[in-house]
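# no FASTA, just this:
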């Protein structure tokens, strides 16, 4: 940036006699020193020093006595402009001393005038702009300033230091600009990439919609083709039936004609035999027969003829509809083949109808989703605003950002607002309740302490709400089902809860904190919610875990039974009240009509159908807190009541004995439930005596109350009807 070398201006003489010998040297072109700009890489030459510096004082470093406020002198266009002035024209320096106070104007020093002229010539030669920042203008002023520094020997160190500081700062700023240039291009590139990703996502969504429409059109055409094929097959069946009817009529006609022909042949044969007899009798006997004998013979012949006519009529009546066995077998084979073909066609038609209904439902769902997406798109297009940062709510809600992410997973902003308000209300209620402690005291590591509660020290009370507890319980059941899949014996819920918490939270304090809070929330809510009460009872070991799995399996099988009933009736998800009652009776053959009526009434009350068809799939849903409707609750209550009644019957069969053995309970089961099989009895006995069903022979005598209590909290049920 600096020139390669600095030329020294010769000093000016004070008077005319001390002129420099170079003062009269003429201009011979740009033969002096040169400099080069780093930014452009161009080299510029300067005039010779003798040409630039005529009439310079020979006393180097001496200050001129010319006053800065001399009249008639104006400030150079390159002088500094105070901060706030918009241009050179808008600012004019005011003289420090008025002209009348100084007398006549003092001429400007020749060295100053020489520098200004050189600066003007240099600016013109370089073609610099009149205003604004420019590297060329800066270089010209830098050269003039260097000449000025070289001439003032006394102030040269200070001026050189000032100049070096400015140069260092400019170099630093240029380096920063060069460093920021790649960031600017990178920012532009990242912005373009984001725009391309957005456009690509939009194109993918558009292509998915086109593919769905194309697939829908293809499925509709396939359905139409299958319908036409079904109509053609039905027409073929009808044509075959008509041909069979025509063939049967033709066969009847041929059969009747054959019978008539056989009758005519028999008549002719009988006539021939009579003629032969008559001829033989006439040739041997007397030509003049007795008239009495002839009369008797005629009478007998008439009687025989009448008998034969009656026999013929009876035979026609009895065997008129009889066909030959060979023809019958051929027709029967054809008939069976047609029946098989009809059965296959009926099955294919049923499958096609089911597929058609499924496709219609899928098409309806796709249309509904399309309408929802279109509505959301239009809403966002009309009222798109910068989205709020919902992650900040994790700093306020109990449980932190992780729990907030679980609560707001895959829900809309409106639903997130509802969740936030509910959490704030829960926190407010918890803060107002001063009886709830802020910390739990750890129970230690004693063997009688549950595994997930073994901890020493204080544990923070999160004061879990019912909804949060329900979400955690659902997640625990889901993860435990995946963990126990394929295992012969499932893991106890108490032990698995510890494994679940250790998997979710690696830190022991967090594991203990969530374990104590889950236990506390179950204690507070187990009486108000059936699902929480069942989980808490299983967690404490009071109830068999198979009861929960039996309930889930029962609901799944009942829903499948309703779906099969719906497909067979073709009601498209809306079962009439009578059909729903019949389906429940088929699925629960041991329930009395009153219990079935209670379930049907609960379904009507839950869905408010008012006697109309019932959308049975909505009966098997639950809210975000895991609560089910009245139908499922009544069903669970009836199951529990039936189990209690079953155990009461067993208690009555056992009598007043204090202790019982395996055989006593086995006899009681057989007496109250004769249709129960051996595996079921062994499983129930294993639950009653607390041993595996393979080790029943090692079971010891147990108190009757304890046996009955285990059966009441176990997964037992009546197999057959009550005797």
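That came through fine. Note that the structure is predicted; figures quoted are calculated from it, not measured.
# buried stuff in stretch 464-481?
Using 16 or more other C-beta atoms under 10 Å as the test for burial, stretch 464-481 gives 464-474, 476-477, 480. C-beta coordinates here come from the backbone N, C-alpha and C atoms, glycine included.
# Let's see which of the residues you listed end up in helices.
If you go by DSSP state H, the buried residues of stretch 464-481 have 466-474, 476-477, 480 in helices.
# can you give me the strands for this structure?
Counting by DSSP state E, the chain has strands at residues 34-36, 43-45, 439-441, 458-460, 659-660, 702-703.
# Now do the contacts for the residue nearest to residue 233 when sequence neighbours are not counted.
Once flanking residues are discounted, residue 233 sits nearest to residue 345: 5.3 Å by C-beta to C-beta, 6 or more residues apart in numbering. When contacts are counted by C-beta atoms under 8 Å, 6 or more residues apart in numbering, residue 345 touches 230, 233, 237.
# Residue 673 now?
Contacts of residue 673 by C-beta under 8 Å, 6+ apart are 646, 718-720, 722.
# ok so, going back, what would the contacts of residue 345 look like in JSON lines with distance to residue 108 and neighbour count?
Below are the contacts of residue 345 laid out as JSON lines (distance: C-beta to C-beta, whole Å; neighbours: other C-beta atoms under 10 Å):
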{"residue": "230", "distance to residue 108": "114", "neighbour count": "15"}
{"residue": "233", "distance to residue 108": "118", "neighbour count": "16"}
{"residue": "237", "distance to residue 108": "124", "neighbour count": "14"}
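# What is the nearest of those to residue 562?
Residue 562 lies nearest to residue 230 out of these, by C-beta to C-beta, at 27.3 Å.
# Which residue, neighbours along the chain excluded, lies closest to that closest one?
residue 349 (5.7 Å).
# Count residues in the vicinity of that neighbour, would you?
Neighbourhood size, residue 349 [other C-beta atoms under 10 Å]: 16.
# What confidence value was assigned to it?
For residue 349, the pLDDT comes out at 91.
# And for the one 5 residues further on?
According to the prediction, residue 354 has pLDDT 90.
# Kindly report the same for the one 10 residues further on.
According to the prediction, residue 364 has pLDDT 89.
# who does the helix with the most length in the chain touch, helix- and strand-wise?
Across the chain, the longest stretch assigned as helix under DSSP H is helix 156-284. Contacts defined by 3 or more C-beta pairs under 8 Å, 6 or more residues apart in numbering; DSSP states H and E place helix 156-284 against helix 135-151, helix 325-383.
# Out of the ones you listed, which one sits most buried?
Stretch with highest mean neighbour count among the helices and strands packed on helix 156-284: helix 135-151 (a mean of 18; mean count of other C-beta atoms under 10 Å).
# which residues of the stretch 551-700 of the chain score low on pLDDT?
Scanning the stretch 551-700 of the chain for pLDDT under 70 picks out 624-625.
# one step back: redo the helices and strands packed on helix 156-284 as a markdown table? Include distance to residue 225.
Below are these laid out as a markdown table (distance: least, C-beta to C-beta, whole Å):
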| stretch | distance to residue 225 |
| --- | --- |
| helix 135-151 | 79 |
| helix 325-383 | 10 |
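# between those helices, which gets nearest to residue 172?
That would be, of the helices and strands packed on helix 156-284 and by C-beta to C-beta, helix 135-151, which comes in at 15.4 Å.
# Run the chain-centre distance for that closest one.
How far helix 135-151 lies from its chain's middle: 71 Å, per C-alpha atoms, centre = their mean, to the nearest Å.
# Helix 156-284 and that one, what's the angle between them?
Interaxial angle, helix 135-151 versus helix 156-284 (axes from the mean of the first three to the mean of the last three C-alpha atoms, to 10 degrees): 160 degrees.
# re the thing from before, per-residue confidence, the residue nearest to residue 233, what does it come out as?
92.
# Same check on residue 238?
91.
# Could you list the low-pLDDT ranges of the stretch 151-300 of the chain?
For the stretch 151-300 of the chain, the ranges with pLDDT under 70 are 281-290.
# at 50 instead, please
Judged by pLDDT under 50, the stretch 151-300 of the chain has its weakly predicted residues at 283-288.
# The residue lying closest to residue 240 once chain neighbours are set aside and residue 323, how far apart?
Using C-beta to C-beta, 6+ apart and skipping residues adjacent in sequence, the residue nearest residue 240 is residue 338, 6.2 Å away. Separation of residue 338 from residue 323 (C-beta to C-beta, to the nearest Å) stands at 18 Å.
# likewise residue 119?
For residue 119, the distance to residue 323 - C-beta to C-beta - is 135 Å.
# How about residue 240?
19 Å.
# same question, residue 302
When residue 302 is compared with residue 323 (using C-beta to C-beta), they lie 35 Å apart.
# got it, and residue 616?
Taking C-beta to C-beta, one finds residue 616 at 52 Å from residue 323.
# Neighbour count: these two, which is higher?
For residue 616 and residue 323, the more surrounded residue by other C-beta under 10 Å is residue 616, and the numbers stand at 24 against 16.
# The residue lying closest to the more buried one once chain neighbours are set aside: what's it in contact with?
In space, and not counting its chain neighbours, residue 616 is closest to residue 562: 4.5 Å by C-beta to C-beta, 6+ apart. Contacts of residue 562 were listed using C-beta under 8 Å, 6+ apart, and they are 575, 580, 583, 616-617.
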